[in-house]
Structures are given as C-alpha cells and as structure tokens.
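**Student:** here is the input, now give the coordinates:
(chains A, B and C)
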Amino acid sequence: MSEGESVDLVLVLAIQVLFAMASLALISVGLAVIFGMMRVINLAHGEFLMLGGYSAIVANQHGVNLWIAMLVVAPLVVGAIGVVVERTLIRFLYGRMIDTMLATWGLSLFLIGLVTGIFGNTTVGISAPLGGMAIGNYRTSIYGLVVIAITAALLVAIYLVLRYTRLGLFARGTMQNPNMAAALGLSPPKVYAVTFGIGAALSGLAGALIAPISGVFPTIGIAYIAKAFITVIGGGAAILSGTISAAALFGAIQEVATYFTTPVFGVVITLAAAIVLIRLLPQGITGRFLKRWL
Amino acid sequence: MKIARRALLKTSAATAAAVSTGTMLSSRGYAADPIKVASIHDLSGGLDIYGKPMVDALTLAIEEANAAGGLLGRQLKLVSYDPQSNMQLYTQYAQDAALKEKVAVVHGGITSASREVIRPVLDRFKTLYFYNTQYEGGVCDRNQFDTGVTPAQTVQKLVPYSMKKWGKKVYIVAADYNYGQITSEWVKRYVKENGGETVATEFFPLDVTNFGPSIAKIQAASPDFVWSALVGGAHISFYRQWAAAGMNKKIPMASTTFAVGNEHIVLSPEECNGMLICYNYFQDLKNPQNTAFVERFHKRFGANYPNITELAMGTWQGFQLWAAAVKKANSVDRMKVIEALETPISIDAPSGKVTIDAPTHHCILDVHIAEVRDKKLNVLEDFSQQPPADTAAVCNLKKNPNDNKQYVIKA
Amino acid sequence: MNARSRNGALNGGALNGGTWNGRAWNIAGLVTVGVVGLAAMIGLPLVLELSSLLDVTVYLILAILALSLALVWGYGGTLCFGQSAFFGLGAYAYAIAMFNIGESTIPFLLAIVLPAAFAALLGYFMFYGRISDVYLGVITLTVTLILFNAVNSTAGPEYQIGEARLGGFNGIPSIPPLNWPGMPDSALDLNDLFYVSIVLLMAVYFGLRWLLVSRFGRVIVAIRENEQRAGFLGYDARLYKLATFTLGGALAGLAGCLFANWGAFVSPTIFGLGQSAQIIIWVIVGGRGTLIGPVVGCIAIQWLTAFLGSAQLTKASLAQVVGPTVADALSSVMGFADLSNTSLILGAVLLAFVLLVPRGVMPSLLDLARFLVRRRPADALADKAERAT
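**Tutor:** Numbering: from 1, shown residues only, chains lettered A, B, ... in the order given. I've put the predicted structure just below:
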C-alpha cells in the first residue's frame, strides 16, 4: 500500500469514527433530555426511534419530500406521541422511578407488537440520498457526512435554546431544583409534558435520520437501546456535555475496537468499558468533570 | 415414597395404555378421520418473513390435495403452530403435535437451531419430520427428510460462474452462525479449486446494522468481487450502506443467501441490480408446470403476492414427496412411508425434477443461476440434478440406519 | 409510596411474629400451598397426557426462576433486569460440563455455583460501588446483553470447551439428561423430570419461606423498607444485598440447569431481553413481596403465551370474547391474523399492572380473602395494629 493510499484509509476511518460518535449522540440526545430534566428512564426510547423511522418512510412513500419527511414530519409525529404517552402514562408515575421503567418497558413491548401488526416484520427502508464520493481510492457515503453535520447543528441548537431562551431558562431551573422552580410559579406538569414531547421529537428525528442507513423493522429499537442508555448514564445528568463526552468516548472505543477485532467484540468492549466507567464515576462523566456545564 | 412412586407410574402407564387403545379402536372405527399434518413455522417474531410463505405453500398444497379427494380416501387436516421465534415453544409444539394431535408428519423449523430443537423430540416420539429450508447440510437422521438445497449444490456452480465473469480475488462477508460459517468454507474451497484467492472472510452477528468499518476494510483489500452470505433483516443495511458509498458501481457481488427474505424487493433496483444468485427455485422459471403453479398460488393468495420464495417451494416439494410416498406405501405409518421415500420417490415439481437421495435423505434437484434486475430475478443458466455432495461425504443412512446427528462438514 | 409500605405490612405478620391473626394466615397459606403441591405431584401424572405433563414441567421449572427474582426484587428490593443472565449461565454451565463429564452430579452443582459466583462478583461491583437503583437496572440489563452478544458470536469451530462446542446463535443441542447421583446409567426420563421439578420447586418455595422468617429475612426486608435506618441499627446493607443477590443467582442457575434438561437444548436467546422481560412480568403480575404470586404469575403467563401460538385466533372466536364491534375494529386496524401477537399482549399486561394493580394479583386477592374472613371486630383491630407496625 502506498503512502498516499494509507493516508486516504486513515481519513476514511476518521470519518467512520466521527460518524459513530455523531450517531451515538444522535440516538441518545432525546433520552438525555428526558433523563436530565425529569429523571425518568424511558425504556421505550428505542421504539421512539423506530417510530421516527417509520414516520419518515411512510410520509416519503406518500409523496412527501425525503428531507421534509425526515426533518419535519418524523419529529412532529413522534413528539405528539410523546405528549400523549406523558399525559396518559408517565404522569401517574412521577417519583416512582422503578415503576416508570417498568411501565415504559411495557410500552416498548406494546409498540413493537402494534407496529408488527400494522407493518409486518419486514425490513422497510429508503435508499440513502446523495450517493457516494471518492477520497483517493476509497469511496464513502456523502449521507454519513450529512448526518454528522446535522447532529452538530442539532447540538448547537440545543445549547442556544438552553442558554438564551426563556424556555431554556425554565428548563435549567427545573433541572437544578424542581421544587424551587415550582415555588416560583412554573407549572411542573406543563414543563414535564413539554420536555417529554421534545425528548420524543428528538428521538423521532434521530430514528428518521438513521433509517436510510440501517433500514427499519419493528424490533430495531433493541439494537440501539443499550448503547443509548450507557451513553446517557455514562455522560451523567448534564444534557449536552454529558451526551457529547460519552458519545465521543464510546463512539471512538467502539469504532476502533470494531476495526481491529470484529463487530461483536466492538460492542462487547464498548459495553464493558461503560460498566467500568459507571463503577468509577457513578454520577457519570459530568458528575465529576465539566460540572457547571449544560 | 419410592414404592408409591413406582406404583403410581404403573397405574399411570396402565391408564395411558388404556387411553391409547381407546383411540386406536376409535380410529379404526372411523376410517374417514382426517390425516393430520403439522406445520411449525414462525408466523410472528423476527423470522415471520420466512415462515409465512412456507405456511402458505403448505396450506395451498393441502387444499389442493383435499379438493382432489384427499389421500388414501381420507381428507387432510393442517394443524398449524406459531412458535413466535421462541425455542421453548418449538419444543412444546413438537411434543403437542406428536403426542396430543398424533400427526402423521411434521413440516417445520426454519433456522438450524429450531430444527435441532424439534428433531430429537420427533425422534423420541416416532413422528416423521420434513425440514424444508436451505441450510448448511450434514443432518443424518433416518426420521428426517431435508428438501432444501445445501451449500455444495449452489456454491459449486455459482463460484466458477462469478469468477469467470469478474475475476479471481474474492472477499467473503457472512452471517456469524453455523450456516454462514459453513457456507463461507465451501466458497473458499471452490474459489481455490478454480484457481482463485479468498483475500479475507468477515463474520457479522445477525443483529449488526453498522457496516461502515467493514466497507472500508473491503476497499482496502480491493477484491474482484464480494461474496455475501449475510442473512436476515438487519443485514439488509449492508447492501444499503454498500450502495450509499457507491461501491455497488465498483465491486460486484454474488450470493446464495440474497433474495430468500425478499431482499431484492425491499431494496431499490439501483442498490442491488446485477447481483448474481443461485437457487433451486425462482418464481420466474419458464416451464409450463411453474406457470400453472404460480397462477394457482396467485389465485389463492392474491395477485400482488410479493414473491414465491425458495423456502415456499421447498415446503411445497416436501409435502408432495411425502404425499407420493403415502400413496406408494398405501399407509401413513411412519416406517412404511420412510421406506417408500427411500425407494426413492421422485416428483416433477415447478422447479424441475426432485428426487430423494436415499443414503442422505436430502434431495437431488435442479439449481439455477439468476441475476437481480429491477426487483426481478432473471434466470441465466440451469444446472440439472445436483446431488447433495456435501452431506453425502459424511452420511450414509443405508449403511448406518441408526445414525442420528448433525455432522459438521469440513469443506 | 403507599403500595410499597402496604406490601411490607402484608408480610409483616411473618416478620414481627406478631399477632395470632398474622400467624394463622401464614400457617393457612403454607398448608394450602403444601396441599396443592402434593395434590399436583400425585394427581397431574394421572390426569394429564404426556404432552401436557411436559408443558407443566417447564412451567414448574420457570416458576423456580420466578422465585429467584421474587426474592431479589420482591423482598430484597433490588430490581434486576438481567436475571436471565444467571438462568442462561446455569443452563450453559450444565450443558458444557455434561458433555465433558458425562455424570450429572458435578454439572448440576456447577450450574448452581457458577451463576452464584458470577452474581456475587457483579453484586460486589454494584453494591459496594454504591450504585443507585436505576443505574443498577441499567447495568444488569447491559450485562445480560453482553452475554447475549458474546455467546452469540461463538459459532466458529474455535469456540470449543473440551468436548462441548458452543455453537453461537444455533446453541447447543442434544444435551444429555440428569442422572440419579452417582449412577451415570440411570438417566431421568420425562416423568422423572416432572417429579424432580415439582419437588425442587416446593423445596425452593418452603426454603425461602423459612429464610424469610429467619433473622436474615427480616433484615433484608428492613433494608428494602429503609436502608439508612437498617444501617443505623448496625446492619451492613451492602453485605445483605450481596447475599440476597447471590442466592437469587444460584436459584436462577438451578432453574437454568433444569430448563436445559427439559428441552435438551440451550441457545443465546436465553440471555435475551425478551426472557428478562418475561421474568419481571411474572413477578409484577403475581405480586411483589409474596412468593406464591410470582409462581402463579409465571404459570399463567406461560400458559397464555403457548395458547396464543396454537389458538390461531380468528375474527369469529374473537367476536365471542369481546363482541363483534370491537373485533371488527381491531381486525380492521391490524388484520386478525396478527392479534395473537405476544409482544402486544405482554406489553399491555405489563402496562396495565404497573398502572392499575401495582401490587399484583396475589396480594390483592389475599386482602380480599382477609376482608371476607374477618368477622369479629377484635380481629379487625388486631389486623390494624399489625399494619401499623
């Protein structure tokens, strides 16, 4: 292999690592919002991703432009589902963390069953748009780069909302001290409903963006859920810095381990690293470092 | 305690004997009792895309047989179980079919795991078993017949064909389980025999959806073509990511697993056009019998039925072979039917002539190479009467009728 | 936290030794379970045909698994999402040892000791790391997924332990059955396995009952109710939790060993999320803080699952149950072929119980029984006093 070629290979691999980090952050951020704000572990998170994928594909099949289907329709649909779920299930269980986990697990099974009944167990999908491009002798997908860019933009947008808007102020207030926020006149039920809706919408967006790459089938959520959980818990309570730091760490570990061993050991090594991390830093990365960050 | 238990067992054995004599008498009394045929295929859970066409084929076969007057003057009754892709239920339903329903034959099992779960159960309770799925080969059991193709039958033909067309350097990607492992061994062997080189083999668990790093690895190895032995819904994303990187324009692909799960319909034509595949059956086979079969199938299950799969045809053939043997034996008795099948039985199926290979209980059948083109599978070349050479290398039920295991075949 | 403290009160009778009323209830319960168990042991082989007896056998084996989580979660207060990890380890340990040894005494013991040791290691990590409840759930879930992934990728010929090939996704078929200790030639037949399973289930049940009225049992419930208070009283919560978790692992391993015997087969799906979900559903449906509840829950849910796969629900049969209008609506939404969809139904069951009957069936039924039996005001007073403790 010539010098130039190996530089190309390193570049292609660097893009893969970046993509792994971005997709990890993308599939986790909705969960992080719900966990960070409400301390609710949503075990139906994987199914929200799955519903996002189906929303985008069904909309696209009905003639909606693919980008609008992914970036607008999917978050709206799943966000609405999130609000309904919060109003009909979650709100009865606030303060009962374990029961919330169980209820959302029940919801997860229920949604898998429901979607299987409607769409069947076949993989559906849309081709990734934009085609491929060449880096030296190697080819890589342009869409992968677009996903990285969208994820970055999304994280910046979340930062701006949290930092500079009234909504962000309420959110940070509720995060830091829910009782105080309530005492100052915020209505926690309203904040919670909105938060859950936004978290679900972000998951829907993520599911839609991943759909052209992995396809969608009813049980696809299971493939993501463990990764999303370790990212959020490994990152700790801070929504942004936690998600970004944990996604960067685990994404890099997974991709490098996969390249040098096999995909299975890639996953096993990542999950094992996560457990060790949680043992060392029970409050997550942001429980120890980056404490004052968002 | 021990005595009580023994006594108890005796009583229960006596009761069981009484009950079974009772049923034997009654079945003699009513000769027109239907003959029961069990189907144990996943209709829900992860494997239902494979199971549904198989059950449909069996349903149609039984309905047609009944319309033609049944078998031995008796009607047939389908007893259908859905094990929901759950191994525990496979065991329970096999027991139920053998002991409670007392079926004449069981057609069922999709994965090799499910087959190895029900095979010992049906052996133990002496119920004839047909496994109708293409699989890695090597099962040697007088109670079981296998109507699916095994790797040697298809790989042996497709490897030289692809090498002649594209070149000698091959990169194998395969599903990380028994079937993928053994298929890739056969690919390696035939690549070597034809003077080529396998540059790398990579295995993926069935639930992997991210193939980015592997696609980079394949490019680094720059093979003449890629051999795919990937299986299942999650692995469809390989083809998608491969096409998204534009690789499908650069490196062609051959497979003996693609299209069994209707991958060619799920994917867009641009993503998989030009792939070469090899099977026993294609819906587009041009012969009068197949044309009539497809017409009847569509009449029963709707004209927009996605695709009559290899596995559906395997199940159809399994039932017809069994029915022909029952007629020949003039009985549904297990040993008589097995002996009749070993004579050997031969049928003319829509896929061509299918004959039981008596020493292995597998099938001698035609295979066809086809190209994927715009959601259709266009047949390019036919190879008639391929023997199950891989299983034959390890299994001879004529010599060792009591053999009962799955051999791991070294390619 | 109303539900939880009432749960505590329910078995309070057992714990504080309490009033005669509480003790009478306990004795009545024990006698009932003993009588039903013995009747099942003698009667079932007489009335059931072999295939149904085999079905019952697997339900009994899984009931032992349900009891393991009933202990760890219902009494110990540790929600383990990965109880199937120990179940699977037990099954694999038995299978691998059996192929290498050929006589089942050591494999049987290994199937209990190995999962227990693994539980002890994992428990040490979690309890001594002072990891909170929620994180604990996520860690146990992750561990079982790691095991699933790892065992799933052992299809290649290089993964062989002695005589046993691990087989990856396809699992290990044709596992040799248990034999009577020391007699390698006297393998258990299917009838024997039924007796062994029901005897072991009753032994585990009564053993746990005994354990829970002992000092150890009182302490673990005290820790569940208030870890800090128990700590102030001088009990090391971590140690007690670790011991409970380890015992739970051992029992799950025992169930795994029997399960591998029943089907003569084990595959990685035994570690899967579906299996873990089932165990939790059995316990929550049956009732946390009871032992008989999870046993009943397990058998009921298992029966329901098997029924759904063979019943082939049609629109007509559905209409008889829920009425034609509902049947029409349901089938127009999803096509009636798919109504026998286990995932949908189990999900709905879990949701319904968490929201509507969080205590589970058995505690609610027992309360009803108490209410019906209670006649004299003195009893009611005593009962009230008991609840207050």
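**Student:** now do the closest residue to chain A within chain B against B:Asp224, distance only.
**Tutor:** Minimum separation of chain B from chain A (Cβ to the nearest Cβ) falls at B:Gly246, amounting to 2.7 Å. All C-beta spots, glycine's among them, are computed from the backbone N, C-alpha and C. As for B:Gly246, its distance to B:Asp224 is 17 Å (criterion: Cβ to Cβ, to the nearest Å).
**Student:** just C:Thr342 next, same as before
**Tutor:** Separation of C:Thr342 from B:Asp224 (Cβ to Cβ) stands at 46 Å.
**Student:** before we move on, what about C:Leu356?
**Tutor:** In this structure, C:Leu356 lies at 63 Å from B:Asp224, with Cβ to Cβ as the measure.
**Student:** what do you get for C:Leu136?
**Tutor:** When distances are taken as Cβ to Cβ, C:Leu136 and B:Asp224 turn out to be 52 Å apart.
**Student:** what about these two, which has more around it?
**Tutor:** Taking C:Leu136 and B:Asp224 together and counting by other Cβ atoms under 10 Å in any protein chain shown, C:Leu136 has the greater number of neighbours (23 against 18).
**Student:** can you map out the strands along the stretch 1-150 of chain A?
**Tutor:** For the stretch 1-150 of chain A, the strands identified by DSSP state E, counting those that start in this stretch occupy A:132-135, A:138-141, in order along the chain.
**Student:** work out for me the element B:Ala254 sits within.
**Tutor:** B:Ala254 belongs to strand B:253-255 when assigned by DSSP states H and E.
**Student:** need the contact partners of that strand.
**Tutor:** Contact partners of strand B:253-255, identified using Cβ atoms under 8 Å, 6 or more residues apart in numbering or on different chains, comprise B:158-159, B:162, B:225-230, B:242, B:275-277.
**Student:** that strand pairs with which strands, and in what direction?
**Tutor:** For strand B:253-255, the pairing partners within the sheet under DSSP bridges are strand B:225-229 (parallel), strand B:276-279 (parallel).
**Student:** give the contact list for C:Asn170.
**Tutor:** With contacts defined as Cβ under 8 Å, 6+ apart, C:Asn170 is in contact with B:Thr111, B:Ser112, B:Ala113, B:Glu116, B:Tyr177, B:Asn178, C:Ala155, C:Ser267.
**Student:** can you measure across stretch C:144-164, start residue to end residue?
**Tutor:** In terms of Cα to Cα, to the nearest Å, the two terminal residues of stretch C:144-164 are separated by 22 Å.
**Student:** what about that stretch, near chain B?
**Tutor:** Yes: applying Cβ under 8 Å from any Cβ of the partner chain, one finds stretch C:144-164 touching chain B at C:Asn149, C:Asn152, C:Ser153, C:Ala155, C:Gly156, C:Pro157.
**Student:** and that stretch, anywhere near chain A?
**Tutor:** Yes: applying Cβ under 8 Å from any Cβ, one finds stretch C:144-164 in contact with chain A at C:Leu145, C:Ile146, C:Asn149, C:Ala150, C:Asn152, C:Ser153.
**Student:** neighbours around C:Ala348, how many?
**Tutor:** The local packing count at C:Ala348 equals 16, with neighbours defined by other Cβ under 10 Å.
**Student:** low-confidence bits of chain A, can you list those?
**Tutor:** Counting by pLDDT under 70, the low-confidence segments of chain A come to A:1-5, A:121-122, A:125, A:127-128, A:131-132, A:134-139, A:263-264, A:287-294.
**Student:** hey, C-alpha coordinates of stretch C:111-131 in PDB?
**Tutor:** Presented in PDB, the C-alpha positions along stretch C:111-131 are these (Å, rounded to 0.1, in the frame of the first residue of the first chain):
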ATOM      1  CA  ALA C 111     -24.900 -24.900  37.200                       C
ATOM      2  CA  ILE C 112     -25.800 -23.500  40.700                       C
ATOM      3  CA  VAL C 113     -22.300 -22.500  41.900                       C
ATOM      4  CA  LEU C 114     -21.100 -20.700  38.700                       C
ATOM      5  CA  PRO C 115     -24.100 -18.300  38.400                       C
ATOM      6  CA  ALA C 116     -23.900 -17.700  42.100                       C
ATOM      7  CA  ALA C 117     -20.300 -16.800  41.900                       C
ATOM      8  CA  PHE C 118     -21.000 -14.500  38.900                       C
ATOM      9  CA  ALA C 119     -23.800 -12.900  40.800                       C
ATOM     10  CA  ALA C 120     -21.500 -12.400  43.800                       C
ATOM     11  CA  LEU C 121     -18.900 -10.700  41.600                       C
ATOM     12  CA  LEU C 122     -21.400  -8.500  39.900                       C
ATOM     13  CA  GLY C 123     -23.100  -7.700  43.100                       C
ATOM     14  CA  TYR C 124     -19.900  -6.800  44.800                       C
ATOM     15  CA  PHE C 125     -19.200  -4.400  42.000                       C
ATOM     16  CA  MET C 126     -22.600  -2.800  42.200                       C
ATOM     17  CA  PHE C 127     -23.500  -2.800  45.900                       C
ATOM     18  CA  TYR C 128     -20.000  -1.900  47.100                       C
ATOM     19  CA  GLY C 129     -19.800   0.700  44.400                       C
ATOM     20  CA  ARG C 130     -22.900   2.200  46.000                       C
ATOM     21  CA  ILE C 131     -24.600   2.300  42.600                       C
END
